[in-house]
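Novice: The sequence and its predicted three-dimensional model are supplied below.
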Amino acid sequence: MRLNKKVKPEGGIPTSSLPDIIFMLLIFFIVVSVLREFTGLKVLLPEAKKIAKLEGKRHVSNIWATKEGIISVDDQIVKVSEIRNIMYDKRVADPQLVVSLKADRQVEMELISDIHQELREADALKINYSSKAGGI
Amino acid sequence: MLIKKKKRPQGEIPTASLPDIVFMLLIFFLVTTTLDVDKGIGLVLPAKGQETEVSKNNITNIFVNATGKLAVGSGDDITLIEIRDLKQEIQKRLVANDKMIFSVKTDSRTKYQTYVNVMDKLKQANARRISIADTEG
């Protein structure tokens, strides 16, 4: 008697195109990755509900302000009165400049108001109050 | 005669470990990538010397004191309000007058978080015309 032998399916996954797939992943990550430029200061950002994404990082410049009143631009501690010159230079170099204000939630409004005035002097008018999702 | 044939060196690069190398690169980029994008409340400050006179009827003042208490009103008609009721109040005023400008006045010791909360409420209520008054006190 002849029994039909069941054909065992081949159990291997073709791995010859594995390097190509990984290359593609690699290129994706190279393209999307932005190496952190500045570390900034330690701040606890305020919370808000209606927050929007900041488009791209190319036109964004950060100002950090801690609750002790320390202000940092591009990892350099600056005085409030120095902001106008720094931001004016940046504004001239990039007219689409958006200033992202990363201020601690405990900062008093006097400082924020001073920064506003400095930014207005520098004609850097587009600002963004950096916040975390949450809030009331 | 026996001529020694010169042995040609093998001219190939071994590619068997290529996936491993690429994997390593991939993992490096995976680890160093920060996909977090900046989020926040956008605002355009008025240019210097652009202060304009506006009719009193079109202005609603929002006062925020140092302890975070709010008051809303125009002219002498000012009422205290809770932050959770602010959105509805703004919407009500926008319906009554769609040209309404909301002027946020803060004390110099008001906390930034309170200010951001007020801005957040203004944005939630779709108020487009927002003005920031100088701090007082």
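Specialist: Thanks, I have it. All values reported here derive from a predicted model rather than from experimental measurement.

Novice: Stretch A:111-125 near chain B anywhere?
Specialist: Yes - counting by C-beta under 8 Å from any C-beta of the partner chain, chain B has neighbours in stretch A:111-125: A:112-113, A:116, A:119-121, A:123, A:125. To be clear about C-beta, it is placed using only N, CA and C from the backbone, and glycine gets the same treatment.

Novice: quick one: which two of those residues are the most distant?
Specialist: Farthest apart among the residues of stretch A:111-125 next to chain B by C-beta to C-beta are A:I112 and A:D123. That separation is 18.5 Å.

Novice: B:N61: which element?
Specialist: Using DSSP states H and E, B:N61 sits within strand B:59-64.

Novice: what's the distance between that strand and the middle of its chain?
Specialist: Relative to the chain's own centre, strand B:59-64 is displaced by 21 Å; criterion: C-alpha atoms, centre = their mean, to the nearest Å.

Novice: helices or strands up against that strand?
Specialist: Contacts defined by 3 or more C-beta pairs under 8 Å, 6 or more residues apart in numbering or on different chains; DSSP states H and E place strand B:59-64 against strand B:70-74, helix B:83-96, strand B:101-106, helix B:112-124.

Novice: following the shortest one, which helix or strand shows up next?
Specialist: What that stands for is strand B:70-74. Downstream of strand B:70-74, the first helix or strand assigned by DSSP H and E is strand B:77-81.

Novice: That following strand vs chain A: in contact?
Specialist: No - Strand B:77-81 stays clear of chain A (C-beta under 8 Å from any C-beta), getting no nearer than 13.7 Å.

Novice: Just the element for the residue nearest the centre of chain A, please.
Specialist: For chain A, A:K57 is the residue whose C-alpha lies nearest the centre (C-alpha atoms, centre = their mean; 6.2 Å). Using DSSP H and E, A:K57 sits in no helix or strand.

Novice: who's in contact with the nearest residue to A:Y129 once chain neighbours are set aside?
Specialist: Spatial nearest neighbour of A:Y129, excluding adjacent residues (C-beta to C-beta, 6 or more residues apart in numbering or on different chains): B:I41 at 4.5 Å. Neighbouring residues of B:I41 by C-beta atoms under 8 Å, 6 or more residues apart in numbering or on different chains: A:48, A:50-52, A:128-129, A:131, B:116, B:119-120, B:123.

Novice: can you check B:V64 too?
Specialist: Contacts for B:V64 (C-beta under 8 Å, 6+ apart) come out as B:70, B:104-107, B:110, B:114-115, B:118.

Novice: repeat that for 10 Å
Specialist: B:V64 makes contacts with A:109, B:70-71, B:83, B:104-107, B:110-111, B:114-115, B:117-118, B:135, as judged by C-beta atoms under 10 Å, 6 or more residues apart in numbering or on different chains.

Novice: residue ranges for the strands of chain A, please.
Specialist: Assigned strands in chain A, in chain order: A:47-48, A:52-53, A:60-65, A:71-73, A:76-78, A:98-103, A:126-130, A:132-133 (criterion: DSSP state E).

Novice: The second one packs against which elements?
Specialist: Strand A:52-53 makes packing contacts with strand B:39-44 when contacts are defined by 3 or more C-beta pairs under 10 Å, 6 or more residues apart in numbering or on different chains; DSSP states H and E.

Novice: which of the residues in the strand it packs on are buried?
Specialist: For strand B:39-44, a neighbour-count test (16 or more other C-beta atoms under 10 Å in any protein chain shown) marks B:39-43 as buried.

Novice: cool, and stretch B:83-95?
Specialist: So stretch B:83-95, judged by 16+ other C-beta under 10 Å, has buried residues B:83, B:86-87, B:89-90, B:93-94.

Novice: Next: stretch A:112-126.
Specialist: A:112-120, A:122-126.

Novice: Now, the residues you listed that are in helices?
Specialist: Counted as lying in helices by DSSP state H, out of the buried residues of stretch A:112-126, are A:112-120.

Novice: Which two among those are spaced furthest apart?
Specialist: Going by C-beta to C-beta, the pair spanning these furthest: A:I112 and A:R120, at 12.7 Å.

Novice: which residues does B:Q88 contact?
Specialist: B:Q88 makes contacts with B:81, B:121, B:125, as judged by C-beta under 10 Å, 6+ apart.
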